[in-house]
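Participant: Below is the structure, and that's it, no one-letter string:
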Ligand SMILES: *[C@@H]1O[C@H](CO)[C@@H](O)[C@H](O)[C@H]1NC(C)=O
């Protein structure tokens, strides 16, 4: 996996937590395992953002350590280094949409669905040399994603339904 993708995703996604607590549901169980010590990441059906993740039942001998061998990022969850478990998620219901949003000199505002609000943002593919950094040249407000000063990317956006 492209390192810039990982780094950008970490910045972007974490910043959106906090203001949507009224929409968070808990108790969704999802199984994920890291076979042959491999990194394994998945999106979860009908989940627009994963708010938190914990081990419900561990299946592996290898330890599952939050933030190291398992965790969440945006609408996805991951395991690594042999961790396997049934995980319990707190999450926000919704859909994932993809689309480009590019700024050149002028800022650009993009909308990914007609009425919903954006609850997670991830960079799928950078389209400029300038990194997009949340609250620096990338802003989310309700259903709008706004990019400034050269931030340009194909985004994966989770929208609350
Ligand atoms: C990822 O996890 C799923 C669900 O447990 C499993 O079916 C799949 O084989 C795993 N892939 C890797 C590369 O570990």
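Facilitator: That came through, no problem. Since we're looking at a predicted model, the values are computed, not measured.

Participant: residues from this structure in reach of the ligand?
Facilitator: Residues of the chain lying close to the ligand (C-beta under 6 Å from any ligand atom) are 31-35, 38, 40. (Glycine included, C-beta is placed from N, CA and C.)

Participant: So which of those is surrounded by the most neighbours?
Facilitator: residue 34 (22 neighbours; other C-beta atoms under 10 Å).

Participant: isn't it right up against residue 79?
Facilitator: Yes. Assessed by C-beta atoms under 8 Å, residue 34 is found in contact with residue 79 at 4.3 Å.

Participant: Need the pLDDT of the spatially most central residue of the chain.
Facilitator: Geometric centre of the chain, nearest residue: residue 74, 1.5 Å, by C-alpha atoms, centre = their mean. Note on residue 74: pLDDT of 94.

Participant: that older thread, farthest pair within the residues of the chain next to the ligand?
Facilitator: Spanning the widest gap among those are 31 and 38, at 15.7 Å by C-beta to C-beta.

Participant: pull the helix or strand with minimum mean pLDDT from the chain.
Facilitator: Within the chain, no helix or strand scores below helix 3-14, which has a mean of 43 by mean pLDDT, DSSP states H and E.

Participant: Give the next helix or strand downstream of it.
Facilitator: Helices and strands here follow DSSP states H and E; after helix 3-14, the next one along the chain is strand 24-33.

Participant: Which positions within that following strand qualify as buried?
Facilitator: By neighbour count on 16 or more other C-beta atoms under 10 Å, the buried set for strand 24-33 is 24, 28, 30, 32-33.

Participant: What helices and strands are in contact with it?
Facilitator: strand 40-43, strand 47-58, strand 76-79, strand 84-102 (3 or more C-beta pairs under 8 Å, 6 or more residues apart in numbering; DSSP states H and E).

Participant: hey, which of those strands is tucked in deepest?
Facilitator: Highest mean neighbour count of the helices and strands packed on strand 24-33: strand 76-79, a mean of 21 (counted as mean count of other C-beta atoms under 10 Å).

Participant: mind listing what that one pairs with, with the direction of each?
Facilitator: strand 40-43 (antiparallel), strand 70-73 (antiparallel) (DSSP bridges).

Participant: what does it rub up against?
Facilitator: Strand 76-79 has contacts (C-beta atoms under 8 Å, 6 or more residues apart in numbering) with 30, 32-34, 39-44, 50, 53, 64, 69-72, 85, 87, 89, 122.
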